[in-house]
Each structure stands twice: as structure tokens, then as C-alpha cells.
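Chemist: below: sequence and its predicted model.
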Amino acid sequence: CQRGMYGIEGACEEQQVPGYGKYMNALSKAYVKMVLVRSEIYHVEELGLEDELGLEGYLFSGICVVFFALAVLPFGQMLIKHDLSLSKLLASKSRSITAQTISEFIAFFTGYACVLLVAFGAVSLLLKVFDIPMQWLFANIDLIRILRIIPALLLVASFAYMLYSFSGNLVGGMLLQFFATASMCFASGCMYPVTFFPETLQKIAGYLPHGLARECISGLMTGSEAGFRGVLMLGYSATFVAISVIVRNLR
């Protein structure tokens with residue numbers, strides 16, 4: 001506004017235009033009108049989240065999945081095998097590779113799920129005991145309903161187990177696990193709201209494994225049912241375990 005005033009004054013004096021005060025007044029009124037009706041000079045498009053969790057709840061559910069995915073890293077020392085002589089010995093005793101792989105995955109998943117379920121349950125219990133004001137987070141959660149996150153844990157664990165089955169080197173396997181998990185979590189909207197991604201990626205993110213796990217955690221907090229997402233998670237999990245069996249057979 002100040003530049004506009006001085007601009008009119010300088011131009012009128014240079015051109016020797018008399019009575020330029022009226023032009024300055026007219027411009028001042030125009031500026032005021034633009035300020036008062038500023039809501040009419042732009043278009044608002046709200047890129048909100050589809051559920052009632054809001055941004056805090058959305059990010060919490062995403063970070064939970066990232067934590068679940070990173071929690072498989074310590075199991076790499078057990079699951080990454082360079083020497084398969086034990087598997088060969090068991091196979092010679094009529095223990096099929098399929099049975100070995102499934103048994104190993106069940107043992108891995110049991111330990112992994114127990115650790116995370118205890119941690120998740122302890123956090124929810126402590127928040128209620130100390131009356132920490134996070135109703136948006138744990139208002140609908142109790143120790144029994146926490147069991148509903150098992151499909152998400154199964155999905156994350158089976159994906160990690162598949163990646164570990166590809167590697168016979170500890171360092172390479174851990175790096176593969178970390179970067180593949182980080183990339184999948186980012187693309188699935190676990191680290192950053194998926195609404196900020198291009199439209200095509202937004203549509204794909206809801207069907208990625210870690211995106212389904214994130215929606216499972218969100219459903220736990222809002223009280224919604226898994227429905228078709230639950231079927232997809234189980235289907236993904238079975239597929240990842242089947243790929244692990246094939247890879248172990250080839251190795």
C-alpha cells in the first residue's frame with residue numbers, strides 16, 4: 001500500500017498531473033476492499049484425513065507401524081542363515097522345507113508378537129493409571145481389544161521374514177530389511193500424511209502392506225472393523241510366507 005501511494009505521487013508529479021490526491025484516495029479504498037473481501041480472491045481446498053482421528057492420531061498410527069517394522073531388526077541374527085546344514089539334515093529326516101519354514105516363522109512371530117503386545121498393553125495401561133489426557137489416542141482401547149492388532153503384526157512380520165529369507169549375509173540382510181521397510185513405510189503414509197502425496201500414490205498407499213497395517217491401528221483407536229482390509233492383510237501374509245518357502249527351497 002505504501003509503495004502504491006508513493007508510486008502514484010511520484011508518477012503524477014513527474015507528469016505534472018494536478019489533484020493527484022483523489023487517485024491516492026481511490027487506491028487506498030481499493031486496498032481496503034481487497035483486505036476485507038480477501039476470502040473471495042482464493043479457493044480453499046481442504047486436504048483433510050478421512051477418519052476422525054485427526055493429524056495426531058493419524059501420525060501415531062503410522063509411527064506405530066514404523067516401530068513394529070523396525071522391531072524385527074534384532075531378529076535378523078536368528079533368521080538370516082548362511083549355513084543351511086541344519087535344514088539339510090532335517091530334510092534328510094523327512095522334515096520338508098515347507099514345514100521347516102512355516103515352523104520357524106510361527107516361532108519368530110510368537111516371540112515378536114508377545115514382545116510388542118506386552119509393550120502396547122503396558123503403554124495403554126499406564127496412560128489410564130496416570131490419567132494422561134490422551135483420550136484421542138486410547139479412549140476406545142482395552143487390553144482385550146489390543147489383540148486386534150495381531151493381523152497388522154502378522155503382516156509386518158511375514159514381510160520381514162520374506163526379506164530375511166533372501167539373504168545369506170547378516171550385514172546385507174539387515175540393510176535390505178531397513179531400507180525396504182523404510183521405503184515401504186514412507187510410501188504407505190506411515191511417516192508422512194498420505195494426503196500430501198500425488199493422487200496416484202494416495203490410491204496405491206491404501207493397498208500397500210504397511211498402509212493396511214496403519215489402517216488397522218487406526219481402526220483399533222476409532223473402533224471400526226477391519227472388514228476387507230483384514231482379508232487383504234491375511235492374504236498378504238500368506239503370500240509372503242509362501243514366497244519364503246519357495247526361496248528356502250531354492251537355496
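Modeler: That came in fine, so what should we check first?

Chemist: what segments of the stretch 51-200 of the chain are strands?
Modeler: Assigned strands in the stretch 51-200 of the chain: none (criterion: DSSP state E, counting those that start in this stretch).

Chemist: for the stretch 51-200 of the chain, just list every one of the helices.
Modeler: 54-70, 76-79, 85-92, 97-129, 135-138, 150-166, 170-187, 199-205 (DSSP state H, counting those that start in this stretch).

Chemist: now, of the ones you listed, which is deepest in the fold?
Modeler: helix 150-166 (a mean of 24; mean count of other CB atoms under 10 Å). To be clear about C-beta, it is placed using only N, CA and C from the backbone, and glycine gets the same treatment.

Chemist: thinking again about what came up before, can you tell which of the helices of the stretch 51-200 of the chain is closest to residue 237?
Modeler: Residue 237 lies closest to helix 150-166 among the helices of the stretch 51-200 of the chain, at 4.2 Å (CB to CB).

Chemist: and the angle for the closest one with helix 54-70?
Modeler: 40 degrees (axes from the mean of the first three to the mean of the last three CA atoms, to 10 degrees).

Chemist: helix 150-166 packs against which elements?
Modeler: Here helix 150-166 touches helix 54-70, helix 76-79, helix 97-129, helix 170-187, helix 209-222, helix 228-250, going by 3 or more CB pairs under 8 Å, 6 or more residues apart in numbering; DSSP states H and E.

Chemist: ok now that helix, how far from the chain's centre?
Modeler: Helix 150-166 has its C-alpha centroid displaced from the chain centroid by 16 Å (CA atoms, centre = their mean, to the nearest Å).

Chemist: looking at the helices of the stretch 51-200 of the chain, which is nearest to residue 29?
Modeler: Going by CB to CB, the one of the helices of the stretch 51-200 of the chain nearest residue 29 is helix 54-70, 40.6 Å.

Chemist: what mean pLDDT does the closest one have?
Modeler: In this model, helix 54-70 has a mean pLDDT of 84.
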